[in-house]
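> With the sequence up front, the predicted model follows.
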Amino acid sequence: MIASAFQWVYVALAVGFIIFIHELGHFLVAKKLGMNVERFAIGYGPPLVGFKRGGTEYCITWFPLIGGYVKIAGMELEPPEEKKDGEGGAEQDSEGQEEKEKQEAGEEKGFYTRPVAHRCAVLVAGSAATLVLALILYCVVPMVGTVEAPDYDQLYIADVSDPGAPFEIGDRIIGIAGRKVHKLHGVIMAIMLNPERDVTYTILRGGREMEFPYQGTADPETGELSGYSLVSGAFVGIVDGLPAREAGLRAGDRIVRIGGKDVSGWADIVETVQALPEGMPAEVVVVRGWEEMVFPVTPVIVSPGDTPKFGIVPYVVIQEGPLAAVGMGMKRFCRDAANLFTVLKMLVTRKLGMKGVMGPVGIIAYSKQVAQLGLGRFMALMAFITLNLTVLNLMPVPVLDGGHVVFQLIEGIRRRPVSIRAQMAATKVAYVLILLFFIVVLKNDVVRIASDFWMRKATGG
């Protein structure tokens, strides 16, 4: 219970830190460009705690994990619209009111009194800050050390658990859905981009190239594939609610013996565990650090017709020196960014459904699970989430920073601001679309969490 509480604290601190860095980017650039920042807030709602210094109020609100904002003088006011011919009288009549508004906004230090380039710089600064944070995290993770799904150079089938699968042990996967694959990551992405449908696998069997249709699923975090598994080392990760965790095994343990039989790789582990009788404990010997430890683990059958399982998944330990870690981090940063743009493109063009999209509730719950795999694995997930939030926040949607940037750029091109009426109409449409999006992802989160809960109950977890 205490460990679980600490994991929730890790998640809260991590999410709060990402929000802080994003808002700090807006704040620092606004200050540098001479704008009057009235409030720096983490979260939304009434202030919970805070202080005021240098004309700026710094506070944490009652709802700190749903975002934050930097309130700049004049930003909430309507931008000055270009006057049309014949409006001189109206201009004189409203001169006093305009002067009052400018004074309230800090006049020369107000947001809309600054050049378009300055406004764009402030709006982009938050995402720029989180982009740098994501890149730093990607480079630091390999130095901290983490356990993760192995990225094999050659993809050989080690085990086939689905009787209807067209694979045989020893087959080498060389392509999926018309794309060549050389790494496990490529297999996972190809499957995720073609959900709930048969895709064509290209394999080498006995020197001959063959093609088969097959529908499978893949877990991007564990590297676990449905219907078959690939060759890996004997390091393992642990699944919540199943016997291995209850017995005391941890992610990163290296299994060396099961029930008196030596194992040296994932294929050995699968073969040995599946041969064990259900309900009979087996002695599992692992190496943790420099110490050899023994745990009695009782295999269970998770679903009807399935084979006995311990609740372990294939993992390898990754830890690099500073130079190698930076190179690996940069490579993975670019890879994940490219994949993110591919997924966004497929979502927009409706080639990919919304069923697999995770919302804030799911992200927080999943982050808590990943925290159990250690600091390095948790930092890797935070890096990936930070990269996702950075890109999403720059999308040209009116309520996001990217949408506000579009309005400023249009003003720069037309030499006059977008009309207030047009901005309000676009913002209302965006709010409706985002609300619908959140309803869909919230439903996904609830279904996923409920499914996991009932599976744990069914298996006695």
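Good, I have the coordinates. Owing to the predicted nature of the structure, the values given are computational and were not obtained by experimental measurement. Residues are numbered from 1 along each chain as shown.
> shaky segments in the stretch 1-150 of the chain?
1-7, 76-108, 147-150 (pLDDT under 70).
> Then Thr386 would be within a strand, right?
No: counting by DSSP: H, G, I helix; E, B strand; the rest coil, Thr386 is not found in a strand; it is helix.
> Isn't it up against Ile18?
Yes: contact criterion CB atoms under 8 Å: Thr386 and Ile18 qualify, at 5.5 Å. Any C-beta I mention is one placed from the backbone N, CA and C, and that applies to glycine too.
> Which neighbours do the two have in common?
Residues touching both Thr386 and Ile18 (CB atoms under 8 Å, 6 or more residues apart in numbering) are Thr130, Leu133.
> Compare neighbour counts for those two and give me the winner.
For Thr386 and Ile18, the more surrounded residue by other CB atoms under 10 Å is Thr386, and the numbers stand at 25 against 21.
> Now that one: closest residue in space that isn't a chain neighbour?
What sits nearest to Thr386 in space, not counting adjacent residues and going by CB to CB, 6 or more residues apart in numbering, is Ala134, at 4.1 Å.
> How about Gly145?
Nearest-residue entry for Gly145: Gln319, 3.6 Å, with adjacent residues in sequence omitted and distances by CB to CB, 6+ apart.
> next one: Glu411
Pro417 (4.5 Å).
> Can you report how many residues neighbour the one you found?
Neighbour tally, Pro417, other CB under 10 Å: 20.
> just Val160 next, same as before
Neighbours of Val160 (other CB under 10 Å): 16.
> Assess the claim that it and Phe167 are in contact.
Yes: with contact defined as CB under 8 Å, Val160 reaches Phe167; the gap is 5.1 Å.
> Would you mind putting the CA coordinates of stretch 339-352 into CSV?
C-alpha atoms of stretch 339-352 as CSV (Å, rounded to 0.1, in the frame of the first residue of the first chain):
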residue,chain,number,x,y,z
ASN,A,339,6.0,7.7,-35.5
LEU,A,340,3.8,10.3,-33.7
PHE,A,341,3.4,12.4,-36.9
THR,A,342,2.5,9.1,-38.8
VAL,A,343,-0.2,8.3,-36.2
LEU,A,344,-1.6,11.9,-36.3
LYS,A,345,-1.8,11.8,-40.0
MET,A,346,-3.6,8.5,-40.0
LEU,A,347,-6.0,9.7,-37.3
VAL,A,348,-6.8,12.9,-39.3
THR,A,349,-7.3,10.9,-42.6
ARG,A,350,-9.4,8.3,-40.6
LYS,A,351,-7.1,5.5,-41.6
LEU,A,352,-6.7,4.8,-37.9
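> hang on, the earlier thing: which residues are in contact with both of Val160 and Phe167?
Common contacts of Val160 and Phe167 (CB under 8 Å, 6+ apart): Gly227, Tyr228.
> For the chain, just list every one of the helices.
2-32, 88-93, 95-104, 116-144, 184-192, 243-247, 266-274, 322-348, 360-371, 375-393, 401-414, 420-458 (DSSP state H).
> Let's test this: mean pLDDT of the longest one, rounded?
Helix 420-458 shows a mean pLDDT of 79 in the predicted model.
> Quick check: which helices or strands does it pack against?
helix 360-371, helix 401-414 (3 or more CB pairs under 8 Å, 6 or more residues apart in numbering; DSSP states H and E).
> how about the ones you listed in TSV, adding mean neighbour count and distance to Ala247?
Converted to TSV, those look like this (neighbours: other CB atoms under 10 Å; distance: least, CB to CB, whole Å):
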stretch	mean neighbour count	distance to Ala247
helix 360-371	18	18
helix 401-414	18	48
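> how deep is Arg245 tucked in, by neighbour count?
With neighbours defined by other CB under 10 Å, the count for Arg245 comes to 19.
> residues contacting the residue sitting nearest the centre point of the chain?
Here the mean C-alpha position of the chain is nearest to the C-alpha of Ile385 (CA atoms, centre = their mean), at a distance of 3.2 Å. With contact taken as CB under 8 Å, 6+ apart, Ile385 is in contact with Ile18, Ile363, Ser367.
> thinking again about what came up before, how many neighbours does the residue nearest to Thr386 have?
Neighbours of Ala134 (other CB under 10 Å): 26.
> contacting residues for Tyr201?
Residues in contact with Tyr201 (CB under 8 Å, 6+ apart) are Pro166, Phe167, Ile173, Gly175, Ile176, Glu211, Phe212, Pro213, Tyr214.
> please redo it, this time with the cut-off set to 7 Å
Neighbouring residues of Tyr201 by CB atoms under 7 Å, 6 or more residues apart in numbering: Ile173, Ile176, Glu211, Phe212, Tyr214.
> Can you select the buried ones from the residues you listed in PyMOL?
Buried members of these can be picked out in PyMOL with the line below, counting by 16 or more other CB atoms under 10 Å:
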select buried, resi 173+176+214
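> so of the contacts of Tyr201, which ones are in strands?
Ile173, Ile176, Glu211, Phe212, Tyr214 (DSSP state E).
> nearest to Tyr44, of these?
Closest approach to Tyr44 among the ones in strands among the contacts of Tyr201 (CB to CB): Ile176, at 43.2 Å.
> Can you tell me the closest non-neighbouring residue to that closest one?
Residue nearest to Ile176 in three dimensions, not counting chain neighbours: Ala190, with 3.8 Å by CB to CB, 6+ apart.
> how close does that neighbour sit to Tyr214?
11 Å (CB to CB, to the nearest Å).
> What is the burial count for Val122?
Close neighbours of Val122, defined as other CB under 10 Å, add up to 28.
> repeat for Glu283
Other residues lying near Glu283 total 12 when counted by other CB under 10 Å.
> Report the beta-bridge partners for it.
According to DSSP bridges, the partner residues bridging Glu283 are Pro296.
> Count the neighbours of Arg53 for me.
Arg53: 7 surrounding residues under other CB under 10 Å.
> How about Pro166?
Neighbourhood size, Pro166 [other CB under 10 Å]: 16.
> Could I get the contacting residues of it?
Pro166 makes contacts with Phe212, Tyr214, as judged by CB under 7 Å, 6+ apart.
> any idea how far the residue nearest to Gly145 lies from Met143?
7 Å.
> who has more neighbours, these two?
Met143 (17 against 14).
> And for that one, nearest residue in space, chain neighbours not counted?
Nearest non-adjacent residue to Met143, counting by CB to CB, 6+ apart: Ala325, 4.3 Å away.
> residues near that neighbour, how many?
Residues contacting Ala325 under the criterion other CB under 10 Å number 20.
> Ok, the one 10 residues further on next?
Applying the criterion other CB under 10 Å, we find 15 residues in the vicinity of Arg335.
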